[in-house]
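Asks: how would this look folded up:
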Amino acid sequence: MYVAATINIFLISFPLFWPEISVLMITLIKGKHRCGSSKSSNAISRIVGGTSTEEGEWPWQVSLHFVGAAYCGASVISKEWLVSAAHCFQGSKLADPRAWSAHLGMQMQGHAKFVSAVRRIIVHEYYNSRNYDYDIALLQLSKPWPDTMSHVIQPICVPPFSHKVRSGDKCWITGWGQKQEADDEGSAVLQKAEVEIIDQTLCHSTYGIITARMFCAGLMSGKRDGCKGDSGGPLSCQSNRDGKWFLTGIVSWGYGCGRPNFPGVYTRVSNFAPWIHKYVGDRELKKGRTTTKQSVCSCSLHF
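Replies: Numbering: from 1, shown residues only. Predicted coordinates:
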């Protein structure tokens, strides 16, 4: 979801970054489920400036519901683990996994093929709620999704730390968030929109608080962006080499929705590959959360 949070400088939306696919890839999936495989090899042209999707087109897309209502997005990375944005779980109530449910294999809200309670939520220990740095979280499902759902549920590949993205690369954002900044409700049908990676220098000059763990994506002319309800969802980039899809970014923040000269800001997932692998690979997950003092911003979160 996209929450209008005010701090001191901007309005939060979300980010993205595209990889130069390295041979190395973190595979968190066991068995026959290969990551990054979609029903359609080429995505077609929501979200702001998007169009409706087909069933199974984005099989890693998840809708996270808080006390029964759609609140944020997430991505499937294994049979029982999801990746989302840390800001979706800010506060004691939102940090309680018992209040959440994950809806997988869903194109239209209310019609998920698989629903699971959330067993635990791991917010990055360095997440900074003042400027949204380290805006990433892991969620463990109470039960793994069944193999019988593999036609509509598949994991997306987690990019390796070496994963690169270039300015101008084309990627896709998906979600059930608002189609326009002024809308009161999100979309009933999963939306998609093609966006491009924005030069990091331009991204930094636009917002002034872009860290190495963030990047911008969208169109400088506006009109294509994530919005309220899309937070935590994926920015998916496809490899030109083998057609696999990578979770390049996580919808994080930005100034409004689809405004000219203010692209969305995303969490750069490749920077967190070791962190993801560490936690998803260990049964005993460490708890804990610390904050770092950094510059403050006045932004709008996309949830």
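
Asks: please pull out the lowest mean pLDDT helix or strand from the protein.
Replies: Lowest by mean pLDDT, DSSP states H and E among the helices and strands of the chain is strand 300-301, with a mean of 50.

Asks: paired strands for the helix or strand harbouring L235, with orientation please.
Replies: Using DSSP states H and E, L235 falls within strand 234-238. Based on DSSP bridges, the pairing partners of strand 234-238 within the sheet are strand 170-175 (antiparallel), strand 245-254 (antiparallel).

Asks: okay, those in a markdown table with distance to W275 and mean pLDDT next?
Replies: Every C-beta, even on glycine, is put in place using the N, C-alpha and C of the backbone. Converted to a markdown table, the strands paired with strand 234-238 look like this (distance: least, Cβ to Cβ, whole Å; pLDDT from 0 to 100):
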| stretch | distance to W275 | mean pLDDT |
| --- | --- | --- |
| strand 170-175 | 22 | 93 |
| strand 245-254 | 13 | 94 |
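
Asks: dihedrals phi and psi, V189?
Replies: Backbone torsions for V189, taken as degrees, to the nearest 10, come to phi -110, psi 140.

Asks: excluding its backbone neighbours, what's nearest it?
Replies: Leaving aside its chain neighbours, V189 sits nearest to S52 (4.6 Å; criterion: Cβ to Cβ, 6 or more residues apart in numbering).

Asks: and the gap between that neighbour and T201?
Replies: Separation of S52 from T201 (Cβ to Cβ, to the nearest Å): 35 Å.

Asks: please apply the same query to D169.
Replies: Taking Cβ to Cβ as the measure, D169 and T201 are separated by 16 Å.

Asks: neighbour-wise, which of those two wins?
Replies: Neighbours were counted for D169 and for T201 using other Cβ atoms under 10 Å; D169 has more, 20 against 10.

Asks: isn't G218 right up against I198?
Replies: Yes. Using Cβ atoms under 8 Å, G218 is in contact with I198, at 6.7 Å.

Asks: who touches both of these two?
Replies: Common neighbours of G218 and I198, counting by Cβ atoms under 8 Å, 6 or more residues apart in numbering, are P263.

Asks: what about A212, neighbour count?
Replies: The burial count for A212: 9, using other Cβ under 10 Å.

Asks: quick check: chain neighbours aside, which residue is closest to it?
Replies: Leaving aside its sequence neighbours, A212 sits nearest to N271 (Cβ to Cβ, 6+ apart; 6.8 Å).
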